[in-house]
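**Student:** Kindly return the folded structure for what I paste below:
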Amino acid sequence: MKAVRLWLLLAAFFFCVSAGFIYPSPDEDLAILAAAYPGAFEILPGWGIRFPGGTLLPYDDGEQKDFDALLEHPDLEDMLSLPYPLGGGPPPAEHYDPGRFRPDAFFKALYGRDEGEIRATLRPVHWMPSLNGPRLLINTRFGIDEKLETIITELAALGPEYRRYLVPPGGSFNYRPIAATGRLSPHSFGIAVDIATGPSHYWLWEKSGAGLYKNAIPRAIVDIFEKYGFIWGGAWYHFDTMHFEYRPELLLKARGTKPRDQNVSH
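**Tutor:** Numbers count the residues shown, from 1 in each chain. I've put the predicted structure just below:
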C-alpha cells in the first residue's frame, strides 16, 4: 500500500475512533447510497449496485491507491471513506478531502452520460431574488432544485450582513472538467453552486496552495446548505470555500455516526 493511501486510511481511522465513529459494513454503505438516491439503482448485496440502464459498479474494486489515484479512479468505498465533518471542526489534515473522490460512472449514471442528457434534467432557479440575483441552472433529479429554493429562502432570512457572501454567485451548471484534470466537475451535472467569489478562498488561488487553510464564509451559511444535502468545499484540505455540491450520502453517513455534542465551528 502506498504511503499516502496508508496515511489517508490511518487518518480516517483515528478521526473515527476519537470521535466515536464505527465503520459500517459494505452493505451499510450501500444502504446509505440507496437512501440518498432513492429508486436510482438496485443494491447487489456484498458486491455493489446496478443501474436500470445496465451500469454495474462494485463497492470495492480491490485496487491499492495513493491520493492521486483516489481522485482519478475512486470506487464507491473510496467515495464514502472519509467522514464528512458535519457541524464543522478544525482545519482539515493534509489530503483530507471528504467528497472529492467522485466515481465518474456513478454520477453519469445518476444524472446523464453527456451534456445533452444532463441539460434535459435542469431548470432555472432564481438565486436570491430579493437581492436581484440571477437564475441558476440546477438539476431536478431527487428534488435538488426544490431543495436549493428552500436554501435560498433560509439564506435570505439571515440578514443584510450576509449579502456579500451570496451575491453575485460564482455560478452553477457548467459542463467542464475540473481545472488541470480530465475529470468532470460536479458543476457539469448541475448539482453544485458557487456563492460569491470575492470573500471566498480557493487553494489554487493561494501562494501557499492548500498548505495554509483559509476561510471567511460564516458557519450559518454552511449549516443551511448542509441541512438540505449539500457538502461544503471549505471542509477540504484543498479548500474551495465558495463551493457547495449535492452529496446527501456523505451527510446521511455523518448524521448516522456523528456524536450529538460535536458542534465545533471553523
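
**Student:** Low-confidence bits of the stretch 51-200 of the chain, can you list those?
**Tutor:** Nowhere does the stretch 51-200 of the chain drop to pLDDT under 70.

**Student:** Tell me where it has strands.
**Tutor:** Using DSSP state E, counting those that start in this stretch, the strands found in the stretch 51-200 of the chain span residues 56-58, 122-126, 135-139, 192-194.

**Student:** Could you identify which of these is most buried?
**Tutor:** strand 192-194 (a mean of 24; mean count of other CB atoms under 10 Å). Using the backbone N, CA and C atoms, a C-beta is placed for each residue, glycine as well.

**Student:** Provide the contact partners of that strand at residue level.
**Tutor:** 127, 136, 138, 148, 169-172, 185-187, 200, 230, 242-246 (CB atoms under 8 Å, 6 or more residues apart in numbering).

**Student:** quick one: the following helix or strand past that strand to chain centroid distance?
**Tutor:** Following strand 192-194 in sequence order, the next helix or strand is helix 219-227 (DSSP states H and E). Remark: helix 219-227 is offset 13 Å from the chain centroid, using CA atoms, centre = their mean, to the nearest Å.

**Student:** Can you work out which other helices and strands pack against helix 219-227?
**Tutor:** For helix 219-227, the elements it packs on are helix 144-156, strand 230-232, judged by 3 or more CB pairs under 8 Å, 6 or more residues apart in numbering; DSSP states H and E.

**Student:** Which positions in that helix come out as buried?
**Tutor:** Residues 219, 221-226 are the ones in helix 219-227 that count as buried (16 or more other CB atoms under 10 Å).

**Student:** just to revisit the earlier point, just name the most buried of the helices and strands packed on helix 219-227.
**Tutor:** Per-stretch averages of neighbours, counted by mean count of other CB under 10 Å, single out strand 230-232 among the helices and strands packed on helix 219-227, with a mean of 27.

**Student:** what element comes up after that strand heading to the C-terminus?
**Tutor:** Downstream of strand 230-232, the next assigned helix or strand under DSSP H and E is strand 243-246.

**Student:** Quick check: mean pLDDT of that following strand?
**Tutor:** In this model, strand 243-246 has a mean pLDDT of 98.

**Student:** Can you tell me the strand partners of that strand and which way each runs?
**Tutor:** As defined by DSSP bridges, the strand partners of strand 243-246 come to strand 192-194 (antiparallel), strand 230-232 (antiparallel).

**Student:** who's in contact with the last one?
**Tutor:** Taking contacts as CB under 8 Å, 6+ apart, the residues outside strand 230-232 that touch it are 84, 98-99, 147, 151, 193, 217, 222, 225-226, 241, 243-247, 250-251.

**Student:** how near is residue 229 to residue 237?
**Tutor:** Distance of residue 229 to residue 237, given as CB to CB, to the nearest Å: 22 Å.

**Student:** Ok, residue 182 next?
**Tutor:** 22 Å.

**Student:** higher neighbour count, those two?
**Tutor:** residue 237 (18 against 8; other CB atoms under 10 Å).

**Student:** still on that earlier bit, who wins for proximity to residue 176 among the strands of the stretch 51-200 of the chain?
**Tutor:** For those, proximity to residue 176 was assessed by CB to CB; strand 192-194 is nearest, at 11.3 Å.

**Student:** mind listing what the residue nearest to residue 127 when sequence neighbours are not counted touches?
**Tutor:** Ranked by CB to CB, 6 or more residues apart in numbering and with sequence neighbours excluded, the top spatial neighbour of residue 127 is residue 133, at 3.8 Å. Applying CB under 8 Å, 6+ apart, we find residue 133 in contact with 126-127, 166-169.
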